[in-house]
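[1] Build me a model:
(chains A and B)
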Amino acid sequence: MYRDFGTIFLFILIGIVLVYVPLLIQRLVAPKNDSPDKLSTYECGEESEGSAWVQFNIRFYVIALIFLIFDVEVVFLFPWAVVFKELGLLAFVEMSIFLLILIVGLAYVWKKGDLDWVKYRVKYAHGRYRKVITEKEGTTVGNP
Amino acid sequence: MGILENRFQDNVVVASMDKLLGWARSTSPWFFQFGLACCAIEMMATAASRYDLMRIGMIPRSSPRQADVMIVAGTVTMKMSLRVKKLYEQMADPKYVIAMGSCATSGGPYWQHGYHVLKGVDLVVPVDVYIPGCPPRPEALIEGLLKLQEKIQADRPLTKKIA
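    Model (predicted):
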C-alpha cells in the first residue's frame, strides 16, 4: 500500500518538474521585449474600448448558484450509479437523503420565484421581494 | 531581453547551443495567417493538402500570441497598416515577417495611383523575406519560407553581437 502512495508521490514530483523546468528554460532562453503595445489586449488588431469590468445582471448569480448545486449532484450521482449494484441498500438510502436535501432546496428556490427569469411579479412577497408587486395583491409597491 | 540572450563569447559550447536553438526555432515557425487579398488564396492553397506547409513545420495560427512568422499576404491599405503594425507588436519574440506578393513588398499595381495603399509593408514593420509575384505561386511561397528558415537557423541567439 505504501508503495502505491510512493508511485503517486513520484507522479506528483514528475508533474511538478514537467511544469517548472520548461518555465525555467523559457525564462533563460526566450527573448523578452515587453512594450505597452505588446502587452495590450488582443482584439484582432483593434484598440480595445472601455473596461472589461462590465456589470452582469444579478439574476445570473442565482441561476449560476442553482446550476452549480445540481451540477455537483450529477457528479456524485454518476459514480454512485456505476457501482450501484455492489453497494446495496445503504448507499441507496444515503443517496436518497442527499437528493432529498437538494430537492428541498429546489422547492425553496422554485417557491421563491428564482427560477423565473422575469420577476416583475412574484407569487409570495417575502423578505427581499416584499416591495415588489405580488400576484395576490396586484398593487405596485416600490420599484418593480 | 532574455537572461542568456547575446551574453556569451563565441566558443564550441555556445555555438552548439546556438545551433540547437536555431534548429528548434527554424523547424517550427508557426505562421500568423494574415490574408488581406488574393495572395491569401495562394497562402491557403500552400497550407492545404497539396503543398502541405505542415511538412516544413508550419501551422497556421489565428492569434499573434501563438505565432512566430507573420505572412502579410496581400494589399495593405493605409487603414489596415495600423492594424498590421499593432498585430506585429503583439506577436511573441522572436518574430519574423514575410511580405508575400508585390502589393506587400512595394504596393504592386497600386504603386502609382493607389492613394489608399501602403507602398510596401516594410514601411511599418521590419520585413525578413520578400516574395515577388502577383500573386506568388505556392512554390514561390515555400521557397520564401525555406529562405526564412535558413535565416532563423543562421541567427546566433546566445552569442554576443559585435557592435
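[2] Next, work out how far apart the closest residue to residue B:146 other than its chain neighbours and chain A are.
    Residue nearest to residue B:146 in three dimensions, not counting chain neighbours: residue B:56, with 7.0 Å by CB to CB, 6 or more residues apart in numbering or on different chains. Where you see a C-beta, it was placed from the backbone N, CA and C, and this is true even at glycine. Distance, residue B:56 to chain A, using CB to the nearest CB, to the nearest Å: 23 Å.
[3] Please list all residues in contact with residue B:56.
    Listed by CB atoms under 8 Å, 6 or more residues apart in numbering or on different chains, the contact set of residue B:56 reads B:27, B:142, B:145-146, B:149.
[4] cool, residue B:58 as well?
    B:28-31, B:47, B:69, B:145.
[5] Looking at the residues you listed, which are in strands?
    Of the contacts of residue B:58, the ones assigned to strands by DSSP state E are B:31, B:69.
[6] What subset of the contacts of residue B:58 is buried?
    B:29, B:31, B:47, B:69, B:145 (16 or more other CB atoms under 10 Å in any protein chain shown).
[7] can you list these in JSON lines and add distance to chain A and pLDDT?
    Output for these, formatted as JSON lines (distance: CB to the nearest CB, whole Å; pLDDT from 0 to 100):
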{"residue": "B:29", "distance to chain A": "15", "pLDDT": "90"}
{"residue": "B:31", "distance to chain A": "16", "pLDDT": "91"}
{"residue": "B:47", "distance to chain A": "20", "pLDDT": "91"}
{"residue": "B:69", "distance to chain A": "15", "pLDDT": "93"}
{"residue": "B:145", "distance to chain A": "21", "pLDDT": "93"}
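[8] tell me which of the residues you listed is nearest to residue A:33?
    Among those, residue B:69 lies closest to residue A:33 (CB to CB), at 16.7 Å.
[9] Quick check: bridge partners of the closest one?
    Going by DSSP bridges, residue B:69 is paired in beta bridges with residue B:31, residue B:96.
[10] cool, and the one 4 residues further on?
    In this structure, residue B:73 has beta-bridge partners residue B:35, residue B:100, where bridges are defined by DSSP bridges.
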